[in-house]
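K.L.:
Give me a 3D structure for the following:
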Amino acid sequence: MSLIKREMTEKQLAANRRNIKLSHGPVTDEGIERIRAAHLRHGFYAQAEEAAMHALGEDPAHFQGLLEALWETYDPTDAAQEGLVIRLARATWLMNRADRMQEGYAVRQAEDISSGRQDRLHAKTMRLKMTEERLRRLAQSVATPHYVTPLEDLEKMKSLHGEGVLKDMGEIAVALFCELQAPGTDEDGIDGFETARRMVEQAKEIFGIGRSQETKPDIAANPSQPLEEGRDARYPSITPAGWEARERPRQLLENILRRQVEACEAQRNAILKESLKGPSPYERAAEIAPAYPSATHLRRMQDSYFREVRRVTNLLLKLKRHQRHMETFSSDYVDDNKDS
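P.N.:
From the prediction side, this is the model:
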């Protein structure tokens with residue numbers, strides 16, 4: 001058959017318009033029954049297909065609605081057109097099913113991510129809370145008068161620095177803690193005199209000897225001599241000038257620790273807001289990006305069904321154009337015979 005377009009006369013166009021008015025979809029029970037009969041005639045919409053739709057959570061009535069809408073649009077007039085309309089409905093349904101498959105997988109992935117996201121945010125909040133508490137205790141310890149770094153504080157600070165909590169400031173804080181150790185203390189935080197004194201006390205306690213009267217070397221000669229004003233009985237070797245020199249690094253260390261406490265608290269509040277607000281559409285899109293193994297296969301399915309819909313639609317349109325051409329030609333032929 002020839003599908004070459006030709007210039008139509010006004011008479012042909014008028015006949016074509018009359019024919020279009022006579023074309024309508026199935027609006028009567030008989031017309032709808034004709035669609036159902038076409039289903040069976042063309043081997044679709046049998047009980048097996050209906051059972052498959054139910055198994056997939058689909059409603060066969062929705063497919064029926066789609067088919068009736070397409071039937072009304074294309075108004076098939078012969079078996080070939082009927083088969084193509086049913087094929088078009090099926091291809092469209094499968095194309096939509098492929099969309100639902102991909103969207104359903106994305107929904108499932110988003111739900112899993114949302115559940116894991118809450119757990120991750122909660123764990124992050126708890127870690128920040130623990131870090132904040134450790135930093136606060138260190139800051140409180142450093143804020144005491146005549147602060148001297150004990151081994152416990154130094155170990156805590158080294159642990160925080162190793163975890164990367166303070167980032168660049170961690171190394172500075174560790175250096176300040178080391179600087180504020182008692183005179184004679186090694187870099188590892190162990191005071192040799194203190195260690196020896198404890199060993200002596202333990203030995204005397206084991207052997208039943210009286211409590212150790214050992215004192216630091218600078219006051220051992222005259223233990224009854226009162227301490228100089230400004231000295232601390234716990235650290236008599238540190239002079240008032242020494243305490244004054246230590247005050248500046250102590251204040252700097254305290255400020256560093258308190259600012260880190262505030263930073264941890266701000267991070268916790270930000271995470272809490274993020275948890276309540278949920279991810280943005282861009283974050284969600286990045287999280288559910290189709291990186292799963294079957295993503296490419298699903299995309300190919302969608303493209304395949306789309307191409308089939310396009311091919312069937314083009315074929316239907318060609319058949320309808322040919323039909324209109326033949327109807328116009330027949331109408332013109334009849335009119336010409338009447339005129340003659």
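
K.L.:
which residues of this protein score low on pLDDT?
P.N.:
1-48, 115, 186-230, 282-293, 330-340 (pLDDT under 70).

K.L.:
longest helix of it?
P.N.:
As assigned by DSSP state H, the longest helix anywhere in the chain is helix 79-142.

K.L.:
Please name every helix or strand in contact with that helix.
P.N.:
helix 29-41, helix 60-74, helix 151-163, helix 240-277, helix 281-287, helix 295-339 (3 or more Cβ pairs under 8 Å, 6 or more residues apart in numbering; DSSP states H and E). Every residue, glycine included, has its C-beta placed from N, CA and C.

K.L.:
Swap in 10 Å and give it another go.
P.N.:
helix 29-41, helix 47-55, helix 60-74, helix 151-163, helix 168-179, helix 240-277, helix 281-287, helix 295-339 (3 or more Cβ pairs under 10 Å, 6 or more residues apart in numbering; DSSP states H and E).

K.L.:
For these, give me a markdown table that also has mean neighbour count and distance to residue 135.
P.N.:
Output for those, formatted as a markdown table (neighbours: other Cβ atoms under 10 Å; distance: least, Cβ to Cβ, whole Å):
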| stretch | mean neighbour count | distance to residue 135 |
| --- | --- | --- |
| helix 29-41 | 14 | 73 |
| helix 47-55 | 12 | 59 |
| helix 60-74 | 16 | 60 |
| helix 151-163 | 16 | 7 |
| helix 168-179 | 16 | 10 |
| helix 240-277 | 15 | 5 |
| helix 281-287 | 12 | 30 |
| helix 295-339 | 14 | 45 |
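
K.L.:
Compare the ones you listed and give me the one nearest residue 80.
P.N.:
helix 295-339 (6.8 Å; Cβ to Cβ).

K.L.:
Next, the angle from the closest one to helix 79-142.
P.N.:
On the basis of axes from the mean of the first three to the mean of the last three Cα atoms, to 10 degrees, helix 295-339 is oriented at 150 degrees to helix 79-142.

K.L.:
related to what we said a few turns ago, so for residue 95, which of the helices and strands packed on helix 79-142 sits nearest?
P.N.:
So among the helices and strands packed on helix 79-142, helix 295-339 is nearest, using Cβ to Cβ, at 3.6 Å.

K.L.:
what angle do the closest one and helix 60-74 make?
P.N.:
Going by the same axes, to 10 degrees, helix 295-339 makes 40 degrees with helix 60-74.

K.L.:
Give me the helices and strands touching helix 295-339, please.
P.N.:
Using 3+ Cβ pairs under 10 Å, 6+ apart: helix 295-339 touches helix 10-21, helix 60-74, helix 79-142.

K.L.:
would JSON lines of the ones you listed with distance to residue 152 be doable?
P.N.:
Formatted as JSON lines, the helices and strands packed on helix 295-339 follow (distance: least, Cβ to Cβ, whole Å):
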{"stretch": "helix 10-21", "distance to residue 152": "93"}
{"stretch": "helix 60-74", "distance to residue 152": "70"}
{"stretch": "helix 79-142", "distance to residue 152": "9"}
